[in-house]
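Asks: Provided below for reference: sequence and predicted model.
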Amino acid sequence: MTRWYTPWRKKYITGDAKPKDGSCVFCGKQHGTPDSDTRDLIVARSEYVYVVLNLFPYATAHLMVIPYEHVSSQEQLPTEALTDIMLTVNKALAVLRHIYNPQGFNLGVNLGSAAGAGIAAHYHFHIVPRWAGDVNFMTAVGGTRVIPDSLDSIYTQVSDGWKTLHGGV
């Protein structure tokens, strides 16, 4: 029998990934430093949004674009923030194509917990690279996602790729 150890998921399973004081995990990352950005897996920042590697990914290099403003739905955001989100999504697509050459992407938002939002109170946009055959028996039968690289390695590749294609953070 093969065993795949995924210790980073323990925080998700036990609920330890959520702030104990009930604060927003996304808002806590708004004003970072290079050290905290690395620790928090923040790949890039712009005027209205930041890009973070999903700590509990659906696939390798699953990114999220998150507005600094704490709102639960996109219609609450100003036009400038909405524009920044989509321009940043385009930059992320270019980086992921450059590094991983995915065959497709799932792009989208889960608005509200009924729609599957894990953090419904703070709007965020998902970018999930996809490859033919990336959903296999482990996902379909075992309910387990297999990510073939460490989050640290993925973070380094994506943040380096971002700097190469788009300049600094």
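Replies: Received the coordinates, thanks.
Asks: out of everything not next to it in sequence, what's closest to P129?
Replies: Of all residues not flanking P129 in the chain, P102 sits nearest, at 3.6 Å (Cβ to Cβ, 6 or more residues apart in numbering). Quick note: C-beta positions are derived from backbone N, CA and C, even for glycine.
Asks: How many residues are close by that neighbour?
Replies: Other residues near P102 come to 18 when the count uses other Cβ atoms under 10 Å.
Asks: next one: H62
Replies: 21.
Asks: the helices in this protein, which residues?
Replies: 10-14, 34-39, 79-100, 137-140, 151-166 (DSSP state H).
Asks: Tabulate the ones you listed in CSV, adding columns for mean pLDDT and distance to E69.
Replies: Shown next, in CSV, are those (pLDDT from 0 to 100; distance: least, Cβ to Cβ, whole Å):
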stretch, mean pLDDT, distance to E69
helix 10-14, 59, 25
helix 34-39, 81, 19
helix 79-100, 98, 6
helix 137-140, 47, 34
helix 151-166, 94, 22
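Asks: about what we covered before: right, and the residue nearest to P129 touches L96 too?
Replies: Yes - taking Cβ atoms under 8 Å as the definition, P102 is a contact partner of L96 at 6.1 Å.
Asks: any shared contact partners between those two?
Replies: Common neighbours of P102 and L96 are listed as P129 (criterion: Cβ atoms under 8 Å, 6 or more residues apart in numbering).
Asks: sorry, back to before: contacting residues around the residue nearest to P129?
Replies: 96, 129-131.
Asks: and what of A94?
Replies: Counting by Cβ under 8 Å, 6+ apart, A94 touches 165-166.
Asks: ok, the closest residue to D149 other than its chain neighbours to T83 distance?
Replies: Sequence neighbours aside, T60 is the residue nearest to D149 in space, at 6.0 Å (criterion: Cβ to Cβ, 6+ apart). According to Cβ to Cβ, to the nearest Å, T60 stands 28 Å off from T83.
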